[in-house]
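Student: structure, please.
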Amino acid sequence: MYYASFFFITSITNATDIYHKNNFELYGELHNNYTTYKKLMLGINDYKQNEINNFINCDKAVFYYGLHGKTKISDKLIGFSKWEYKTLLLDKETSNVIGFTGIDLSHLGSIDYGKNYTLLYDISSFTKVIPRCSNDISDMSLDNISSFTNSMLTYRNSNVFGLIKGLNFAIQYQGHPDRSVLSDKKSNNGYGASISYNFNDYLTGAIAYTNNTSLMWQRPIIKNIIDYNDFKKHNNINYDDQAFYVGLKYDQNNIYLAAIYGETNSLLPFSNFSPSKFDLSIYDVTSRVNNTEVVAQYTFDCGISSYMNYLLSRGVIGHNDSSINLIRYLKLGLSYQINPSMLAFINYRFNILNSEFYRIAKMYTGSIITLGISYKF
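Tutor: A predicted model of the protein is given here:
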């Protein structure tokens, strides 16, 4: 059981200097893809099949565009900002991905405020070096929990004020989030911290901790599939997203190796669900998720790269404290750098989930073949 994905990714990164002193760059990136499927589960009609496909599919057509730039205030002060939007072309839906502004204080560090990535992304990005579907199934447990949210105040410092070479740290504060979903719960501020150390030019280790009130991506999903008041009657779960990540990466010559481990205490819905028909026995919510991911890549001098990606995501179900593998797969692939602007690749993902539970819950357990080409200029 498998599905094959054939997609073309076009990246447009036309950078334009609007003014030399105030160096602003306008950029954009267009993703176009086409996916074909086999039937995933037995006994699912076409309507249900479409719902499942939409949930785990790669985006059909997505356009990212934004503006980032710097302005020199003085010899030691530089202002900067970045704004990025995402448009689903087929659905004609546009959303703001990130948007922040800040100031660089030279050796004193930098500070910015706005919609930004949480500090977990500093570590989860270690394994984002290989081609992958833009809406991979793993997004639900690993990528999005370390994604972006509003009202983030972030301070970063490299080399500890110039005193310790290679040691970097960051702290982050999240203001009151939108209370539209958790309206009956006191809204707490969030916070986070991360530390990384460059042992040398090719080996880096990092660790991060965050505590953020339900990240933005979770709210509409959870709100649509469960009634919070009813859910809380049967569960004693902290609605704050507490997460701890640690990672290590090695990058020298033609070899890239990375491994990360993360533990999150958060509400994470899983299964391919129909929002209008929530059934706790089939569609469930985790109270804790443990993620382990490993990536290995070797690039030959001719431009061909071979890579391997292993991901295990294990969750504790909220209503009975039992644990289950949410995601477990091994991905093998090859890519070829045709020229500096064009990359072609193929990968095969072996899903290692196979039990009656996943069939009942309509969770896809087949293997996935992906063919793609990316073009940048």
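Student: tell me where the stretch 1-150 of the chain is predicted with low confidence.
Tutor: Scanning the stretch 1-150 of the chain for pLDDT under 70 picks out 1-22, 30-62, 132-146.
Student: the strands in it, which residues?
Tutor: Assigned by DSSP state E, counting those that start in this stretch, the strands in the stretch 1-150 of the chain fall at 2-11, 22-37, 61-72, 78-88, 93-104, 110-117, 148-157.
Student: and the ones you listed: which comes nearest Q252?
Tutor: Among those, the nearest to Q252 by C-beta to C-beta is strand 148-157 (25.0 Å). Glycine gets a C-beta too; all of them are placed from N, C-alpha and C.
Student: can you name every helix or strand that the helix or strand just after that closest one contacts?
Tutor: The helix or strand immediately downstream of strand 148-157 is helix 159-162, counting by DSSP states H and E. Judged by 3 or more C-beta pairs under 8 Å, 6 or more residues apart in numbering; DSSP states H and E, helix 159-162 is in contact with strand 167-174.
Student: how about the strand it packs on as PDB, C-alpha atoms only?
Tutor: Extracted C-alpha coordinates of strand 167-174, given in PDB (Å, rounded to 0.1, in the frame of the first residue of the first chain):
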ATOM      1  CA  LEU A 167      28.800  29.600  23.000                       C
ATOM      2  CA  ASN A 168      25.500  31.200  22.000                       C
ATOM      3  CA  PHE A 169      22.200  31.600  23.900                       C
ATOM      4  CA  ALA A 170      18.700  33.000  23.400                       C
ATOM      5  CA  ILE A 171      15.700  33.800  25.600                       C
ATOM      6  CA  GLN A 172      12.200  34.300  24.500                       C
ATOM      7  CA  TYR A 173       9.000  35.700  26.000                       C
ATOM      8  CA  GLN A 174       5.500  35.200  24.600                       C
END
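Student: report the mean per-residue pLDDT for it.
Tutor: If you average the pLDDT over strand 167-174, you get 94.
Student: which SSE is the closest residue to F345 other than its chain neighbours in?
Tutor: Leaving aside its sequence neighbours, F345 sits nearest to S335 (C-beta to C-beta, 6 or more residues apart in numbering; 3.7 Å). Secondary structure from DSSP H and E places S335 in strand 323-339.
Student: so which residues of the stretch 101-250 of the chain form helices?
Tutor: Assigned by DSSP state H, counting those that start in this stretch, the helices in the stretch 101-250 of the chain fall at 121-124, 159-162, 218-225, 228-234.
Student: what's the least confident stretch among these?
Tutor: Sorting these by mean pLDDT places helix 218-225 lowest, at a mean of 42.
Student: pretty sure G28 is in contact with Y64, am I right?
Tutor: Yes - with contact defined as C-beta atoms under 8 Å, G28 reaches Y64; the gap is 6.6 Å.
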